[in-house]
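K.L.:
let me see the structure of the following:
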Amino acid sequence: MLLDKSKVKYVLFDWDGTLSDNGDIVISSVNQVLKEHGMKDWEQQKDKRNPKLSLWDNFANIFGHNWQAAYARYVEIYKQHIPSMVRSFPNAEKVLKTLKEDGVELMIMTNKDPQLLEIELPLLYKPDLFSRITPGHEAPKDKPYPEHIFYTLRGLLTPQEINPQDVWMVGDSNQDSDCALAANVLPIRINTSLFDESSVHSSNIAWFKDFDELYNLLAKN
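P.N.:
Numbers count the residues shown, from 1 in each chain. The predicted model follows:
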């Protein structure tokens, strides 16, 4: 699918697996909590996950009535890993700067816990690159529901005004592209999702192997 960056006004970026290459932190932290609870590792537990919910919300499906204590422990472990393990994807910052220089407003829209995003973001990017940041549980509904996009664009576009020429959503998962399609936003899929086992390559989605490929296309326009 050809992207016309001359028309786009707003680009919303997912965080985990899109702007932040943090899959190793997620899995390592989850596995440590599972081990402490005497449970099998993530590979044995992942079928309990509801793909329409964030990892945050899936803790109840995985840990049952112990989920709040398990999640608090996950956050504690995750924070310990951030300084040594968090990294960005190659050329991600170049894509952000290219769009920013063209006058496009950049936003982060993620299901991620805000206290974790707050720590990770400044380690990878200058926060002032983004005009808005909507973490998990701030909007009425998180991805894959369109309310997450409607909330992020509040005061800029009404739901009826949103269209795929003006607004793009860049993410790595079905949650991201499903949310974009539901809100009439152009879905751009990039990288390989930590959680999506398989994805149908719909013609309604712009697919890119990585940020190198996306940057090369944007640089030509």
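
K.L.:
in whatever helix or strand Q115 lives in, which residues are buried?
P.N.:
Element membership of Q115 [criterion: DSSP states H and E] is helix 114-124. Neighbour-count burial for helix 114-124 flags 116-117, 120-121, 124 (criterion: 16 or more other CB atoms under 10 Å). Where C-beta positions appear, they are placed from N, C-alpha and C, glycine not excepted.

K.L.:
between which two of those residues is the distance greatest?
P.N.:
Among the buried residues of helix 114-124, the pair separated by the greatest distance (CB to CB) is L116 and L124, at 12.6 Å.

K.L.:
would you map the helices across this structure?
P.N.:
According to DSSP state H, the chain carries its helices in the segments 23-36, 42-45, 55-63, 67-85, 92-101, 114-124, 147-152, 174-182, 211-220.

K.L.:
make CSV out of those helices and add distance to I205 and mean pLDDT.
P.N.:
As requested, these are exported to CSV (distance: least, CB to CB, whole Å; pLDDT from 0 to 100):
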stretch, distance to I205, mean pLDDT
helix 23-36, 21, 96
helix 42-45, 27, 92
helix 55-63, 23, 95
helix 67-85, 30, 97
helix 92-101, 17, 96
helix 114-124, 25, 97
helix 147-152, 15, 98
helix 174-182, 5, 94
helix 211-220, 13, 91
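
K.L.:
residue most distant from the centroid, this structure?
P.N.:
G38 (29.9 Å; CA atoms, centre = their mean).

K.L.:
any idea how far that one is from N66?
P.N.:
For G38, the distance to N66 equals 11 Å [CB to CB, to the nearest Å].

K.L.:
so L12 sits against Y151, correct?
P.N.:
No - the pair L12 / Y151 is not scored as a contact, 11.0 Å apart, by CB atoms under 8 Å.

K.L.:
quick check on these two: which one has the bigger neighbour count.
P.N.:
Applying other CB atoms under 10 Å to L12 and Y151 shows that L12 carries more neighbours, namely 28 against 17.

K.L.:
so who does that one touch?
P.N.:
107-109, 149, 152, 167-170, 185 (CB atoms under 8 Å, 6 or more residues apart in numbering).
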